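Student: what's the 3D shape of this:
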Amino acid sequence: MRCGCTLLAAALLAATGACAAETIVPPGDGLAAAIAAANPGDTLRLAAGVHRGSVVVDKPSLVLQGEPGAVLDGLGAGMAIHVTAPNVTISGLTVTGSGRSLIDKHSGIFLDTTADHAIVEDDLLKDNLIAIYLEGSHSTTIRRVRIDGLRILRRPERGPAISVWNAPGALIEDSDIAGGRDGVFSVTSRDDVVRNNRFSDLRFAVHFMYTNHSMVTGNVSIGNNVGYVMMYSDHLTLDGNVSDGDRDHGLLFNYANYSRITGNVVRNSEKCVFIYNANHNRFEGNWFEGCRIGVHFTAGSEGNAITGNAFVGNQTQVKYVGTRNLDWAEHGRGNYWSDNAAFDLNGDGIADTPYRPNDIIDQVVWRAPAAKLLMNSPAVQVVRWAQRQFPAIHPGGVIDSAPLMQPPRPPALAKLPPRGEAGQAQ
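Tutor: Numbering: from 1, shown residues only. The predicted structure follows:
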């Protein structure tokens with residue numbers, strides 16, 4: 001045991017006159033006793049080998065520091081580590097073997113309501129039902145962790161890799177997350193940040209429900225069912241994220257309002273973006289490529305600004321089932337459309353004619369899919385010719401009155417993996 005006062009425990013040590021200690025904990029079942037004997041601010045250094053888990057960390061400012069090869073095994077019972085004190089740090093450990101009850105929130109690391117300002121860093125969490133659960137703790141930091149979920153269960157039976165419930169100020173960054181149900185699942189929280197993480201082999205990479213004033217930035221989602229799912233959440237920022245090969249949707253907004261979606265890249269999904277009853281959001285500077293539908297926009301979404309984006313090589317650039325006229329240009333600047341065969345005679349970077357992604361035939365096919373049988377008929381070709389000659393007979397829908405001639409290229413394009421890598425984690 002060594003003694004050395006630290007700034008982390010300065011306030012407590014000043015009150016008690018004690019000196020923070022560092023204790024080596026050998027493998028086996030001695031960790032619980034070492035925690036019981038420790039003082040606030042002590043460091044317990046876990047030696048290489050397997051340590052018996054299902055321990056409760058109830059000392060403020062305690063540090064659990066794993067030596068290389070240190071494993072904490074919950075042995076399939078409850079929480080491998082249950083933190084109930086503030087300012088606890090868990091670092092350098094492999095944590096495995098949680099219980100398997102979703103109702104009881106069995107987790108590799110469970111941060112309880114009183115575990116404010118906890119730090120979980122540089123850990124490997126493997127084969128846990130839920131890797132890390134934040135239940136009501138404030139200002140928690142999770143960084144540089146690697147999570148590999150309980151793959152022996154079917155995906156719907158697994159827990160989220162990181163579950164956040166009413167944990168304001170949570171920071172989740174620089175981590176590699178795979179094999180759970182959702183990567184980050186946040187419910188009823190606020191002021192959280194999810195940034196610079198990599199997500200694979202999941203249902204949803206990031207899933208927000210009733211999570212407001214939060215940020216999702218710089219993440220990469222590869223080969224999941226859906227990339228970023230924002231539901232019943234307001235005042236969000238999604239910036240510089242990548243979704244590559246997420247099967248159903250890259251970005252999904254359902255009752256998500258007053259948010260900024262900027263500089264994101266979505267490639268090779270069924271739908272790059274699905275906007276459903278989402279209002280007063282701003283989509284700007286994003287790159288949507290190679291999807292069956294670039295943007296599916298429906299169900300009364302109002303007041304959204306969609307400008308300065310690049311729609312590249314999508315089978316259907318926009319699907320808008322409605323009769324209202326929506327102009328996706330703002331202050332003389334619209335979006336780039338790869339299928340827009342337009343001219344720019346004055347060289348101002350704006351096409352000389354407006355762009356309409358859909359016509360009346362598209363509307364008919366969406367409402368009556370059997371009409372696809374008529375797509376090559378002379379009658380359909382005559383209708384489409386007439387619409388080109390007489391734009392006034394177009395139905396209501398999306399128009400870009402100032403389409404761009406060159407695509408804006410967000411910096412997040414540099415994060416795209418080489419073609420063919422997406423989905424390899426499946």
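Student: Please verify my assumption that P354 contacts I399.
Tutor: Yes - counting by C-beta atoms under 8 Å, P354 touches I399, with 5.4 Å between them. Where you see a C-beta, it was placed from the backbone N, CA and C, and this is true even at glycine.
Student: Of those two, which one has the most company?
Tutor: Each of P354 and I399 has its neighbours counted (other C-beta atoms under 10 Å); I399 has more, 19 against 16.
Student: Now name the helix or strand holding the more buried one.
Tutor: Here I399, judged by DSSP states H and E, is contained in strand 398-399.
Student: Distance check, E157 against G180.
Tutor: Using C-beta to C-beta, to the nearest Å, one gets 11 Å for the distance from E157 to G180.
Student: quick one: which of those two has more around it?
Tutor: Each of E157 and G180 has its neighbours counted (other C-beta under 10 Å); G180 has more, 31 against 12.
Student: The more buried one: which element?
Tutor: Going by DSSP H and E, G180 is not in any helix or strand.
Student: residue contacts, it?
Tutor: Shown in contact with G180 (C-beta atoms under 8 Å, 6 or more residues apart in numbering): 130-131, 147, 149-150, 158-161, 202.
Student: quick one: which of the residues you listed has the most company?
Tutor: Result: A131 is most packed of the contacts of G180 (other C-beta under 10 Å), 35 neighbours.
Student: lowest confidence element among the helices and strands of the chain?
Tutor: The least trusted helix or strand in the chain, going by mean pLDDT, DSSP states H and E, turns out to be helix 10-16, with a mean of 44.
Student: Would you mind identifying the next helix or strand past that helix?
Tutor: Sequence-wise, the next helix or strand downstream of helix 10-16 (DSSP H and E) is strand 21-25.
Student: and the residue nearest to the spatial centre of the chain, which of the three is it?
Tutor: The centre of the chain sits closest to V206, judged by C-alpha atoms, centre = their mean, with a distance of 2.7 Å. State at V206, reduced to three classes by DSSP: H, G, I helix; E, B strand; the rest coil: strand.
Student: can you tell me which residues contact it?
Tutor: Contact partners of V206, counting by C-beta under 8 Å, 6+ apart, are 182-184, 186, 194, 199, 216, 219, 221, 227-229.
Student: One more pass at 7 Å, please.
Tutor: Counting by C-beta atoms under 7 Å, 6 or more residues apart in numbering, V206 touches 183-184, 194, 216, 219, 228-229.
Student: And for T298?
Tutor: 276, 321.
Student: Repeat the analysis, applying 10 Å as the threshold.
Tutor: Neighbouring residues of T298 by C-beta atoms under 10 Å, 6 or more residues apart in numbering: 274-278, 319-322, 366.
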